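only the shape, not the letters, is given here:
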């Protein structure tokens, strides 16, 4: 029952977003506005609030988790390269990218908050502060190096330095670690904005679902979703049970679930910019998001009921 109560509300709100878009209650303009609002304001506030309020003083305690997750991401990246090697180049670049980029913020934050509370949210926010730059660098470097046409406007490093998730993560880590004072009125403002984040972002996820595009390339969509939702968190579980052993069950659950969420929405933006297959990317995001209602339920049940 705890799993149902923790996960089902997340996907009900996603379904509401999808329904609103289908019924034209939410049009393209509103969808773009919500996405921009979430990505450039609400999500940075959530990350900053969670990291700053955690009063981070011991980064060493997170090194084991972060190192293990880096290994899992890189391993998954090379596995996807191998599996999709025979695909047409633009499609291959898109499928590889969608196989390892994770929607921690839009879907992960609400689920972790439901299961592990604000302490869990603070922990995954700190982890995200280190993972976000790493995945942005890896995906943008891969896409830019394999692009046949050079991106004239800006290189992947410039994109990285402009990413609000990366900027906020770095600033929040510095403010939290050095205990830099923030006036209470400003901190309350950030906290208020962060409180509205989860439902708003989930509505944006639902509005962005494109079920019609799933009809094509079902096999590769199943493969990329299996890599993202089953194999990637399985790698995490193996790493943290046998290599970088985590005894604390809450930390273990968060470490495994961090990479168990569906493909990141931000993948679509960068894939479109680097001239990969944006249609297959949209399909992968949609399919993995829909499929994740089952896989996340299985992973949370496994982590809560079996792993002890």
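Ah, there it is. Predicted model, so just to flag it, every value in this text is computed and none were measured.

shaky segments in the stretch 101-250 of the chain?
Applying pLDDT under 70 to the stretch 101-250 of the chain picks out residues 148-161, 165, 197-198, 201, 205, 213.

please enumerate the helices of it.
Along the stretch 101-250 of the chain, counting by DSSP state H, counting those that start in this stretch, helices occupy 109-146, 156-162, 164-177, 184-195, 197-208, 218-226, 232-238, 249-257.

for those helices, which one ends up most surrounded?
For the helices of the stretch 101-250 of the chain, the largest average neighbour count (mean count of other CB atoms under 10 Å) is found in helix 197-208, namely a mean of 23. For glycine as for every other residue, the C-beta is placed from the backbone atoms N, C-alpha and C.

need phi/psi at residue 275.
phi 60, psi 40 (degrees, to the nearest 10).

so it versus residue 121, what's the distance?
Using CB to CB, to the nearest Å, we find residue 275 at a distance of 36 Å from residue 121.

returning to what we had before: wait, which of the helices of the stretch 101-250 of the chain is closest to residue 25?
Set against residue 25 and scored by CB to CB, those come closest in helix 197-208, at 9.7 Å.

want to throw the helices of the stretch 101-250 of the chain into TSV with distance to residue 73?
What follows is the helices of the stretch 101-250 of the chain, written out as TSV (distance: least, CB to CB, whole Å):
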stretch	distance to residue 73
helix 109-146	6
helix 156-162	16
helix 164-177	15
helix 184-195	26
helix 197-208	22
helix 218-226	15
helix 232-238	8
helix 249-257	13
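
and residue 285, which of those helices is closest to it?
helix 197-208 (7.4 Å).

now do the contacts for the residue nearest to the spatial centre of the chain.
By CA atoms, centre = their mean, the chain has its centre lying nearest to residue 103, at 2.1 Å. Contacts for residue 103 (CB atoms under 8 Å, 6 or more residues apart in numbering) come out as 205, 261-265, 289.

give me that answer again for 10 Å
Each residue near residue 103 by CB atoms under 10 Å, 6 or more residues apart in numbering is listed here: 109, 201, 205, 228, 261-267, 285, 288-289, 292.

distance of it relative to residue 111?
10 Å.

likewise residue 123?
Distance, residue 123 to residue 111, by CB to CB: 13 Å.

equivalent analysis for residue 271, please.
25 Å.

cool, and residue 301?
Residue 301 is 13 Å from residue 111, where distance means CB to CB.

ditto for residue 255
Distance of residue 255 to residue 111, given as CB to CB: 14 Å.

same check, this time on residue 166
According to CB to CB, residue 166 and residue 111 sit 22 Å apart.

cool, residue 284 as well?
20 Å.

how confident was the prediction at residue 96?
Looking at residue 96, its pLDDT stands at 93.

quick one, what contacts it?
76-85, 87, 139, 142-143, 146, 224, 227, 276.

ok, 7 Å please
77, 80-81, 84, 142 (CB atoms under 7 Å, 6 or more residues apart in numbering).

closest to residue 44 among the residues you listed?
residue 142 (25.1 Å).

look up how far residue 99 lies from that closest one.
Counting by CB to CB, the gap between residue 142 and residue 99 amounts to 11 Å.

okay, and the common contacts of these two?
In contact with both residue 142 and residue 99: no residue, using CB under 7 Å, 6+ apart.

return the closest of the contacts of residue 103 with respect to residue 182.
residue 109 (21.0 Å).

pretty sure the closest one contacts residue 121?
Yes: contact between residue 109 and residue 121 holds when scored by CB atoms under 7 Å: they sit 6.3 Å apart.

out of everything not next to it in sequence, what's closest to residue 199?
Spatial nearest neighbour of residue 199, excluding adjacent residues (CB to CB, 6 or more residues apart in numbering): residue 13 at 5.6 Å.

how near is that neighbour to residue 133?
Distance of residue 13 to residue 133, given as CB to CB: 29 Å.
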